[in-house]
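Colleague: Give the three-dimensional model of this entry:
(2 chains)
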Amino acid sequence: MSSLWPDLLSSALVGLDKRACMAPAQEGPLVTVLPAGELDADGLLSAAAAIAMARRAGLRPVHGLDPVRAPHEEQEVASRAAGVRLARLLADADGFTDRRTKRELVREWLELATQRCLLAPPRVLVGLAEMATSEAGLRPLVRAAGGHRLVWLASHGPGRWAWAFSSEPEPLHEQQWRVGTLDERSRYLAQIRAADPATGRELLAETWAQERAADLAALIRVCLTGLSDDDEAWLEKALDDRRAQVREAAAELLAALPASSWRLRMAERALACVQADGAKRLTVVPPADLDVSLRRDGLSSKPPYGLGERAWLLLQIVSAAPLECWSALDAYPEDLLARKANDDWQPTLVQGWARAALVQKDRRWALALYRCGFEQTPPSLPQLVSLLSPEDAVEVARDAVRGRPGRMNELLAALPRPWQPEVAEIVLGYLSQPSQRQRGGWSTLTYLAETGLAPDALPRVAALANESDDDSHRAALEQLASLLQIRHEIRQEFA
Amino acid sequence: MSSIGERSVGSARYSARVSSPWSLEQVQALAPDPASFIAARRVARAVAEAGTDGPVIWGLCQGSGKTPYKTCAEVERQLFKCSCPSRKSPCKHALGLLLAWAEGAFPAGSAPEWAVFPEKKAPVSRTPSAKAVAARQERVAGGVIELRQWLRDQVRHGIAGLDQAGYRHFELMAARLVDAQAPGLASAVRSLASVPSTGEGWEGRLLGQLSLLHLLAGASSMIDDLPPDLADIVRVRVGQSVPTEQVLAGPPVRDAWQVIGIRDSYEERLTVRRVWLIGRETGREALVLSFAAPGQSLPADLIGGTEIDADLCFYPGIRALVAATDGVSLLRPEGRTVAESLRRLTGALAEDPWLEAWPMLLHGSVVPGEPWHIVDPDGEALPLDPRCGDQWRFLAASGGGPAVIAAEWTWAGLIPLAMYVDDDMVLA
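Modeller: Residues are numbered from 1 along each chain as shown, chains lettered A, B, ... in the order given. Next up is the predicted model:
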């Protein structure tokens, strides 16, 4: 029937004036409506209409397509109410559209679900997948709550959902070690190191001479997987490499080995630079320059902007030295921090200790640094505060609302959330004081409290809102209360 | 159709709305823009002295000033009043009042003075004089003659260059048809302008549209010789308006009408809402259209995923008005096979050859690909309009298994509207 169509179209394209259209005698169902002979404009349009209409009315289905089916799911799906809630959160249907609040509420939902081995309902998986594509921190939870369906969906879906595949990627083959990209080679090495560190070590030794400096440094860092004292020998050898990137990478790994002689060397150097001078003072004498042994241990001579070369050496040494070594000078970090250093070395020295505390995750030092009023960066004070034990966190919270109003929110934000009851009590106490409402940071605190407070604080917050006589403050408290209400409801939907 | 996906609530709950007088989604659907709805959430938390009296609800809403605004609404007719200066309708206070009412109960009472709505005015129906009718027909006939000549000129001079001609080429003809009081033909001509930008094969599609417009113009010029039903269709397609009273005076079709899907689009500075219905008993398809100017909201009386016991009165063709509603319940639709759906489409095209869209309720699975398809249990499939993009939500919700899918047939393929699976409605 449509054998005529190409002729009609080519005449219509260039114009009937330039290209006449001859319609041959027709057969088939359209014989009564299709003209024959040379067509004028009306004839061409009529014939085209008949064919276009026949195509629409005679639309044929496509054959040979099979549905793709998702695998069977063993885990149960969360309750209907919980599923509806998650869909509403993802669709901003509760009127909370700010990104952080939404993320935290979704995170809370996912945590409650995964604790109970429940799955998110399939119809929200696209929303979850898109959210976790931009919020990488949510991915482990989304993977857990997404079940087999999520992996199946991602296998059909766009490449940006590839993170949904199980956290253990396809095992790689030796071929990829020899000819693969750096990323593939790194993954292969990590895979070997996880199973058998010694084989991984030998693998890297075989290709050592041919590797480019940047690649080799990256591959050395991969060996953090499976790192043990057995690795010290080859890492020490790597320190003799003439390429700075390689030495730095080896030094990083040696720093992570508690009993490495590299750490001992750093401790010796630190104690050589910093010596006690009576009970109240310290004599600091940083190395004059980057000598061969410092250079071998991965130190660099190029200070960051604003720091002298010797101060930079001091900072690198003190940051790298194990904090235990300082007990040679004073038993308690507080005593050491109370000493005054000669010349202008004090700030650099304290910054080195703070960096060491952060890298070595030393709570005792973090508390001592917090108490002595550490203010330099990096690391920031909130970073140190996040290391503190729960009991010490209470002290920080109390100081924050009393003594350090300027840094109150920064510090409270660094404490692990949800806040423990004592911290929550301190925050509620602060929110209940009418006099505090005029101070800066008050509304930011209500914002922090949205995820910091446990939902059972709702009646107290609601009561505070009722008592308030200031519109904007009442509005902030009501916003907080309604958020706690939602979090309370989310929990109930999982009960 | 990503624009639809973004605008709609990802996956609406449709079980809650039946228990309360109005659902949150219903209120959300009334919001002229998303910001109004978010603002309304805040308003809703502090509505004071609220009350209800029949279809009227009222309350005091705190604004930025000292005196709260007096806000009231008549929910049946969707009328809103507020003492705030906003020109949006409904304003955020009226939306907030509706939200507070939808989420909790208001005490009954008698409405204060400021919350009284005037009685509905009887529509003034004017029957145009015979002279006016004749004058109009003459103008339309003149426009149709011009259009036929224009169509002939297109194929005589060639359509190959029309992708470079721009909108003006079509707009001139459309404007003449507006003058000739044939707005239906005018918008048909205007819609031709976008065909050359639809990608590969646009020439064939344009010839198809031109030829169908030629058919319509031809039918219009011999309207007195057409069968009455077809003549009515042609009049509507040309653009003769049918007064609401005349439609409502026609015979009502009572059925459990399934609201299978809703699609909003933006056409000629208006938001157009298409609500597609299929009668459970009669199997008949219907389309309820509504329009809103910028800043105004569309009516939210028909909710996707529900079934209404209602009288529908039909314009010539598929378009209808809801004349009376008795009850609303949850929709649990049963889909049709591809073969049956195509049979019904063919029947519909026989009645109205110029149909551009037609609702289908298919029992089938979505299959990803280029393009995506819906395949029914008999293994017969229909392609989706490639411009609608990927339907991951549908694939996730159904796991590739069978579900009931509401879609709008167009010449470019199906536009998915909603999927019904496991007692849930998932929007495209």
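Colleague: can you pull the contacts of the residue of the stretch 151-300 of chain B found nearest chain A?
Modeller: Nearest residue of the stretch 151-300 of chain B to chain A (Cβ to the nearest Cβ) works out as residue B:158 at 3.1 Å. Every C-beta, even on glycine, is put in place using the N, C-alpha and C of the backbone. Residues near residue B:158 by Cβ atoms under 8 Å, 6 or more residues apart in numbering or on different chains: A:12-15, A:17-18.
Colleague: Quick check: which ranges of chain B have low pLDDT?
Modeller: Residue ranges of chain B with pLDDT under 70: B:1-21, B:120-126.
Colleague: could you pull out the strands for the stretch 51-200 of chain B?
Modeller: B:56-61, B:69-74, B:79-82 (DSSP state E, counting those that start in this stretch).
Colleague: So for the strand or helix carrying residue A:154, mean pLDDT?
Modeller: Secondary structure from DSSP states H and E places residue A:154 in helix A:139-156. Helix A:139-156 carries an average pLDDT of 94.
Colleague: contacting residues around it?
Modeller: A:68, A:70-73, A:75, A:107, A:110-111, A:113-114, A:118-120, A:122, A:125-126, A:128-129, A:131-132, A:161-167, B:368, B:392, B:395-396, B:399.
Colleague: Same check on stretch A:487-495?
Modeller: A:78-79, A:81-82, A:85, A:105, A:108-109, A:112-113, A:116, A:118, A:455-456, A:458.
Colleague: Restricted to helices, list those residues.
Modeller: Taking DSSP state H as the definition of helices, the contacts of stretch A:487-495 contribute A:81-82, A:85, A:105, A:108-109, A:112-113, A:458.
Colleague: Please name the nearest non-neighbouring residue to residue 386.
Modeller: Went with chain A since none was named. Distance criterion Cβ to Cβ, 6 or more residues apart in numbering or on different chains; nearest residue to residue A:386, sequence neighbours excluded, is residue A:414 at 4.6 Å.
Colleague: meant chain B actually
Modeller: The shortest distance from residue B:386 to any non-neighbouring residue, by Cβ to Cβ, 6+ apart, is to residue B:371 (4.3 Å).
Colleague: list the contacts for that neighbour?
Modeller: With Cβ under 8 Å, 6+ apart, residue B:371 has these contacts: B:383-386, B:413.
Colleague: ok, how many other residues are close to residue B:50?
Modeller: The tally of other residues near residue B:50 (other Cβ atoms under 10 Å in any protein chain shown) stands at 20.
Colleague: re the thing from before, okay if I get the strands of the stretch 51-200 of chain B as JSON lines plus mean neighbour count and distance to chain A?
Modeller: Converted to JSON lines, these look like this (neighbours: other Cβ atoms under 10 Å in any protein chain shown; distance: least, Cβ to the nearest Cβ, whole Å):
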{"stretch": "strand B:56-61", "mean neighbour count": "24", "distance to chain A": "13"}
{"stretch": "strand B:69-74", "mean neighbour count": "24", "distance to chain A": "14"}
{"stretch": "strand B:79-82", "mean neighbour count": "20", "distance to chain A": "19"}
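Colleague: okay, the ones you listed in CSV with distance to residue B:228 next?
Modeller: Shown next, in CSV, are those (distance: least, Cβ to Cβ, whole Å):
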stretch, distance to residue B:228
strand B:56-61, 45
strand B:69-74, 40
strand B:79-82, 39
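Colleague: picking that back up, residue A:385 is in contact with the residue nearest to residue A:386, correct?
Modeller: Yes. Residue A:414 is in contact with residue A:385 according to Cβ atoms under 8 Å; the separation is 4.3 Å.
Colleague: who has more neighbours, these two?
Modeller: residue A:385 (24 against 21).
Colleague: Now restrict the contacts of residue B:158 to buried residues only.
Modeller: Taking 16 or more other Cβ atoms under 10 Å in any protein chain shown as the criterion, what is buried in the contacts of residue B:158 is A:12-13, A:15.
Colleague: Tell me which entries of the residues you listed lie within helices.
Modeller: Within the buried ones among the contacts of residue B:158, residues falling in helices by DSSP H are A:12-13.
Colleague: Now flag whichever of the buried ones among the contacts of residue B:158 is closest to residue A:348.
Modeller: Nearest to residue A:348 among these: residue A:13, at 79.4 Å, using Cβ to Cβ.
Colleague: Who are the contact partners of residue 360?
Modeller: No chain in the question, so chain A it is. Residue A:360 touches A:322-323, counting by Cβ under 8 Å, 6+ apart.
Colleague: that's the wrong chain, I meant chain B
Modeller: B:336, B:341, B:345, B:382, B:406-409, B:414.
Colleague: Output those of these also counted as contacts of chain A.
Modeller: B:345, B:382 (Cβ under 8 Å from any Cβ of the partner chain).
Colleague: just the contacts of residue B:360 now: which is nearest chain A?
Modeller: Closest approach to chain A among the contacts of residue B:360 (Cβ to the nearest Cβ): residue B:382, at 6.1 Å.
Colleague: Would you agree the closest one is in contact with residue B:414?
Modeller: Yes. Look at residue B:382 against residue B:414 with Cβ under 8 Å: they come within range, at 5.7 Å.
Colleague: what is in contact with these two at once?
Modeller: Common contact partners of residue B:382 and residue B:414 (Cβ under 8 Å, 6+ apart): B:360, B:374.
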